[in-house]
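**Student:** Okay, sequence plus prediction incoming.
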Amino acid sequence: MPKPDEHYLVITALGADRPGIVNTITRHVSSCGCNIEDSRLAILGEEFTFIMLLSGSWNAITLIESTLPQKGAELDLLIVMKRTNSHERPPMPAAVWVQVEVKDSPHIIERFTALFDASQMNIAELVSRTQPAEGDLPPQLYIQITAHSPGSQDASNIEQAFHRLCTELNAQGSISVVNYPQHDEKDGE
């Protein structure tokens, strides 16, 4: 539950990957009095990207907003910041995990994200990497997707559509659907 006196800021830092860079950023965040609520880090080529949701008092968030651009310039980082709000997540009664291995070509990831979009599912995480061609083998694309279904959707419908898409693309894929029991508000009263 968000605290009324808490303020929130999303930060993305992008720059050349090098030892100690993440520690330098997190130390600066801490020195401003902010808490890292959530974060993601990825290495893409020779670059890294670090995304954080920070919380703190109005003064702490204002301090990081005013000092991080200078720190980013010192570290040769591209910094993007946006104030946001924390909120309760709506119930998501089903989670879907997929893994795919397929010959790499344009539009493959788009086909799988469109599948989730057509099923009105929220993609929570998408990870992909390409294995370069080796000998006579073509480049291979590996995809992992985690998605959540809102309360009004039946997540089991996506299984057949996923298998059809894998067959069409000559992909090897696996899907796991987990339905979580939902209780009416009255059940807890």
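**Tutor:** That came in fine, so what should we check first? Residues are numbered from 1 along each chain as shown.
**Student:** per-domain residue ranges of the protein.
**Tutor:** Annotated domains of the chain cover 7-84, 94-180 [automatic domain parsing].
**Student:** Dump those to JSON lines, plus mean neighbour count and mean pLDDT.
**Tutor:** Heads up, the C-betas are built off the backbone N, CA and C, glycines and all. Listed next are the domains of the chain as JSON lines, based on neighbours: other Cβ atoms under 10 Å; pLDDT from 0 to 100:
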{"stretch": "domain 7-84", "mean neighbour count": "15", "mean pLDDT": "96"}
{"stretch": "domain 94-180", "mean neighbour count": "15", "mean pLDDT": "91"}
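**Student:** so how far is residue 146 from the residue positioned nearest the centre of the chain?
**Tutor:** Compute the mean C-alpha point of the chain, and by Cα atoms, centre = their mean the closest residue is residue 125, 4.2 Å away. Distance of residue 125 to residue 146, given as Cβ to Cβ, to the nearest Å: 4 Å.
**Student:** cool, residue 65 as well?
**Tutor:** 31 Å.
**Student:** Can I get whichever helix in the chain runs longest as PDB, trimmed to CA atoms?
**Tutor:** Using DSSP state H to define each element, the chain has its longest helix at helix 58-74. Output of helix 58-74 as PDB, limited to C-alpha atoms (Å, rounded to 0.1, in the frame of the first residue of the first chain):
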ATOM      1  CA  TRP A  58       9.400  15.000  -1.800                       C
ATOM      2  CA  ASN A  59      12.900  16.400  -0.900                       C
ATOM      3  CA  ALA A  60      14.700  13.100  -1.700                       C
ATOM      4  CA  ILE A  61      13.000  12.800  -5.100                       C
ATOM      5  CA  THR A  62      13.600  16.400  -5.900                       C
ATOM      6  CA  LEU A  63      17.300  16.000  -4.900                       C
ATOM      7  CA  ILE A  64      17.800  13.000  -7.200                       C
ATOM      8  CA  GLU A  65      16.000  14.900 -10.000                       C
ATOM      9  CA  SER A  66      18.300  17.800  -9.700                       C
ATOM     10  CA  THR A  67      21.600  16.000  -9.200                       C
ATOM     11  CA  LEU A  68      21.300  12.900 -11.400                       C
ATOM     12  CA  PRO A  69      21.700  14.800 -14.700                       C
ATOM     13  CA  GLN A  70      25.100  16.100 -13.600                       C
ATOM     14  CA  LYS A  71      26.100  12.600 -12.300                       C
ATOM     15  CA  GLY A  72      25.000  11.100 -15.600                       C
ATOM     16  CA  ALA A  73      27.100  13.600 -17.600                       C
ATOM     17  CA  GLU A  74      30.100  12.700 -15.400                       C
END
